[in-house]
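Q: structure of the sequence below:
(2 chains)
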Amino acid sequence: MKSETTSRRNRTSFWFTAREALGIALSELRAHKLRSFLTLLGVVISTATLIVVMSVVHGLNQYIATHVADMGTDTFIISEFPWTMTFEQWLKAQRRNRPVDIEEYDFLRDTMQASKHIGASATLSLPPPAHYGNQQIDEVVLNGVTPSLIDIGQTEVLYGRYITDSDYLHRSMVCFIGHDLLTKFFPNTDPLGKEILVRGLPFRVIGVAKSIGTSFGQSEDNFVQIPLTTFQKIFVARPQLSIFVEAWSSGQMAALQDEARELMRVRRHIPYSEADTFGINTSEALMSAWQSLTGTIFGATVGIVAVFLVIGGIVIMNIMLASVTERYHEIGLRKSLGARRSDLRMQFILESSVLAGAGGVMGILFAIILTALVRAVVLPASVSLTAVVVGLLLSCLVGLFFGIYPASKAAKLDPIEALRMEG
Amino acid sequence: MELGLASSPSPAWSMPADGVLIRTVDLWKTYEMGDVQVHALSGVSFEIRRGEYAAIMGPSGSGKSTLMNLIGCLDTPTRGEYWLNGQLVSDLSDDDLAYIRNREIGFVFQTFNLLGRATALHNVELPLIYSGASAEERLARAREALDRVELGERVHHKPSELSGGQRQRVAIARALVNNPSLLLADEPTGNLDTATGLEIMALFDRLHQGGNTILLVTHEHDIAARAHRVIHIRDGKIDRDDRIR
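A: Residues are numbered from 1 along each chain as shown, chains lettered A, B, ... in the order given. Next up, the predicted model:
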């Protein structure tokens, strides 16, 4: 008899129940805007956090991939500090490491036979102002460079020429300018041969660089490059250098780095037992450090998001329990009309999922605004579709999970008791 | 009558040739109040035939609400048998009872019990949702049921936009929509003024003439007098069973 009854039973329309739950959840949201917002705050914050972090990391990954990998897999840089260090290494390096000076550059240039190109650059630590006519740029990045730097591919000539060996030898007052100076100082005129003033000193423009773009919200085109020898003569007598070494192939990189390291250690008389007092940096090392950093960021984010989601879920469970209590009468009525336990369970679980999902949607909107702000101010960031999908799915799942208890409470109600409650 | 007492749960008369819709055999309902046992029903046996228009009357505390809950399959008896439309329903599971309520019984409540945020149409659709009817079928049958109670013009109104009598008619349409074998009305005019109450009772008369079996639960003599048979309950027992017409 029982099995006969059950088997004759048709399935309740899932989509109808889903639509009804959606309608109820949305009207509850509309009716109590502030309460709903506070209820969903946990889910909103966690979804937003997740998406913003994913977006920023995603954007930085793209940035690093295009800009850092730009340095190429064939080039390494010798400078005072390694780019990637543990905290202890950093403390030690602060005490022991010494800047790379021009004699060391000369030594490496003359001694290293296997490199394809070797160059060096120094940067004035306090960016000077630049003038042309009555136009002024308050701060420009001023680099002293060797002529070989153009071959290593850090910049490209748009027109004119780069600094030559002759400029370098004669400490000429010439400059190679970034694209920003072209647009600011020479919107309609040919800059070649004109003299601009950098910290009040005249430099003749010999070439203009191709535009590079922006990174971290800063223009990369706002620079003036002059011969390193001129830089020494006028600005800093003993500049701190970054030496760029390019290998013939990536296969030669390891050997070339070993050679450079040995030469530097010999030159600095570093005993066998001691660590380097300089850093040899590759884009690969930076990439791997970056990846381990993003791993850590992700780990921390997952932890924070999990905590917020649990808090958000508990709050939703609480509000759903209140909603079940408020609607005893309706539950009793539905039971009297033939709703089974499973029908009511599904109704309330769907409702709580929709509620949490709405929190997820709010979180996504919040994250999109936040990401746009971040992109405008500091970092490259773009909201990825994956992040949005993951965020929405996760918030719905939280609603589903924390809806189970209130829903089964509703499902188990005795119809007579429930109907007796005031509707 | 003896057939119903068979101890085997298999239905001895699965298709009642005699036209009996409801048969209760020695129904008991006992509540435990601490150490005291309270008998809300103590051995109620009666039959209601298909097409009958009957009223159950009794003062409050007589056990008539308990009896209505049992007949409405909202509750199960402590002892005894309850056969509805050829099925022994007195010891079915929760979900099977829900199925019986959905298919066999149309409830009409004193307080209408409509969903306030839903339209008349949606309210009438509700039982069909739980019987798994398709969307088109639900819509067609809900509209038809609303036409039967002469509310075809007001399908998209919410309960708050309807008068008391109209609300009760929506509730009656909801009770009719699944073509139940029994219409079970609990004080259907209790919240209505006299004129509107008479309208509703006239509607019940028409439904009865259309072939519906109706069971009214009331404590008002005027209302009970509309039925063809009045069963008086007192102290959990049938006191009198009068056929009026």
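Q: mind listing the strands for chain A?
A: Remark: strands assigned in chain A by DSSP state E are A:75-79, A:117-123, A:130-132, A:135-137, A:141-145, A:157-160, A:174-177, A:195-198, A:201-209, A:214-215, A:218-219, A:223-227, A:242-246, A:279-282.
Q: next up, the contacts around the residue lying farthest from the centre of chain B.
A: Most distant residue from the mean C-alpha position of chain B: B:Asp35, 33.0 Å away (Cα atoms, centre = their mean). With contact set as Cβ atoms under 8 Å, 6 or more residues apart in numbering or on different chains, B:Asp35 has no partners. C-beta: built from backbone N, CA, C; applies to glycine.
Q: next up, phi/psi of it, please.
A: Main-chain dihedrals, B:Asp35, degrees, to the nearest 10: phi -90, psi -10.
Q: of the strands of chain A, which approaches chain B most closely?
A: Chain B sits nearest to strand A:214-215 of all the strands of chain A, at 52.5 Å, using Cβ to the nearest Cβ.
Q: now render the strands of chain A as CSV, adding mean pLDDT and mean neighbour count.
A: Below are those laid out as CSV (pLDDT from 0 to 100; neighbours: other Cβ atoms under 10 Å in any protein chain shown):
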stretch, mean pLDDT, mean neighbour count
strand A:75-79, 89, 23
strand A:117-123, 91, 22
strand A:130-132, 91, 20
strand A:135-137, 89, 15
strand A:141-145, 93, 23
strand A:157-160, 90, 14
strand A:174-177, 94, 26
strand A:195-198, 92, 18
strand A:201-209, 93, 20
strand A:214-215, 68, 14
strand A:218-219, 75, 12
strand A:223-227, 94, 25
strand A:242-246, 91, 23
strand A:279-282, 86, 20
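Q: looking at the ones you listed, which is nearest to B:Val20?
A: Closest approach to B:Val20 among these (Cβ to Cβ): strand A:214-215, 87.8 Å.
Q: who's in contact with the residue of the stretch 301-423 of chain A found nearest chain B?
A: Residue nearest to chain B within the stretch 301-423 of chain A: A:Gly338 (2.4 Å; Cβ to the nearest Cβ). Contacts for A:Gly338 (Cβ under 8 Å, 6+ apart) come out as B:Ala98, B:Tyr99, B:Arg101, B:Asn102, B:Arg103, B:Pro127, B:Tyr130, B:Ser131, B:Asn178.
Q: chain B: helices as residue ranges?
A: Under the criterion DSSP state H, chain B carries helices at the ranges B:64-71, B:94-104, B:120-130, B:135-148, B:164-176, B:194-209, B:221-224.
Q: ditto for the stretch 51-200 of chain A
A: Taking DSSP state H, counting those that start in this stretch as the criterion, the stretch 51-200 of chain A contains helices spanning A:87-96, A:102-111, A:165-170, A:179-185.
Q: show the average pLDDT along the last one.
A: Meaning helix A:179-185. Computed over helix A:179-185, the mean pLDDT rounds to 91.
Q: buried residues in that helix?
A: A:His179, A:Asp180, A:Leu181, A:Leu182, A:Lys184, A:Phe185 (16 or more other Cβ atoms under 10 Å in any protein chain shown).
Q: please identify the most buried of the helices of the stretch 51-200 of chain A.
A: Stretch with highest mean neighbour count among the helices of the stretch 51-200 of chain A: helix A:179-185 (a mean of 19; mean count of other Cβ atoms under 10 Å in any protein chain shown).
Q: helices or strands up against that one?
A: strand A:130-132, strand A:135-137, strand A:201-209 (3 or more Cβ pairs under 8 Å, 6 or more residues apart in numbering or on different chains; DSSP states H and E).
Q: out of these, nearest to A:Leu355?
A: Here strand A:135-137 is closest among these (Cβ to Cβ), at 53.9 Å.
Q: can you list the neighbours in contact with stretch B:22-32?
A: So stretch B:22-32 is contacted by B:1, B:4-5, B:37-48, B:63, B:66-67, B:70-71, B:75, B:77-84, B:90, B:182, B:215, B:236 (Cβ under 8 Å, 6+ apart).
Q: can you redo the helices of chain B as JSON lines with mean pLDDT?
A: Output for the helices of chain B, formatted as JSON lines (pLDDT from 0 to 100):
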{"stretch": "helix B:64-71", "mean pLDDT": "92"}
{"stretch": "helix B:94-104", "mean pLDDT": "92"}
{"stretch": "helix B:120-130", "mean pLDDT": "91"}
{"stretch": "helix B:135-148", "mean pLDDT": "92"}
{"stretch": "helix B:164-176", "mean pLDDT": "94"}
{"stretch": "helix B:194-209", "mean pLDDT": "93"}
{"stretch": "helix B:221-224", "mean pLDDT": "89"}
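Q: out of those, which is closest to chain A?
A: The nearest among the helices of chain B, by Cβ to the nearest Cβ, is helix B:94-104 at 2.4 Å.
Q: is the closest residue to A:Glu195 other than its chain neighbours in a bridge, and if so with what?
A: Nearest residue to A:Glu195, sequence neighbours excluded (Cβ to Cβ, 6 or more residues apart in numbering or on different chains): A:Pro202, at 4.4 Å. On the basis of DSSP bridges, A:Pro202 is bridged to A:Leu197.
Q: doesn't A:Cys175 make contact with A:Pro202?
A: No. Using Cβ atoms under 8 Å, A:Pro202 is not in contact with A:Cys175, being 9.6 Å away.
Q: residues shared between the contacts of the two?
A: A:Ile196.
Q: from B:Tyr130, how far off is the residue nearest the centre of chain B?
A: Centroid check for chain B by Cα atoms, centre = their mean gives B:Leu184 as the closest residue, at 1.6 Å. Remark: distance between B:Leu184 and B:Tyr130 (Cβ to Cβ, to the nearest Å) = 17 Å.
Q: ok, now which ones touch residue 244?
A: No chain specified, so I'll use chain A. Contacts of A:Phe244 by Cβ under 8 Å, 6+ apart are A:Thr75, A:Phe76, A:Ile77, A:His117, A:Ile118, A:Gly119, A:Ala120, A:Ser121, A:Leu149, A:Ile152, A:Gln154.
Q: looking at chain B here, not the other one
A: B:Ala225, B:Ala227, B:His228, B:Arg229, B:Val230.
Q: separation between the second one and chain A?
A: The one in question is B:Ala227. 22 Å (Cβ to the nearest Cβ, to the nearest Å).
Q: who are the contact partners of that residue?
A: Here B:Ala227 is in contact with B:Tyr53, B:Ala54, B:Ala55, B:Ile214, B:Leu216, B:Ile244 (Cβ under 8 Å, 6+ apart).
Q: in strands, which of those fall?
A: B:Tyr53, B:Ala54, B:Ala55, B:Ile214, B:Leu216.
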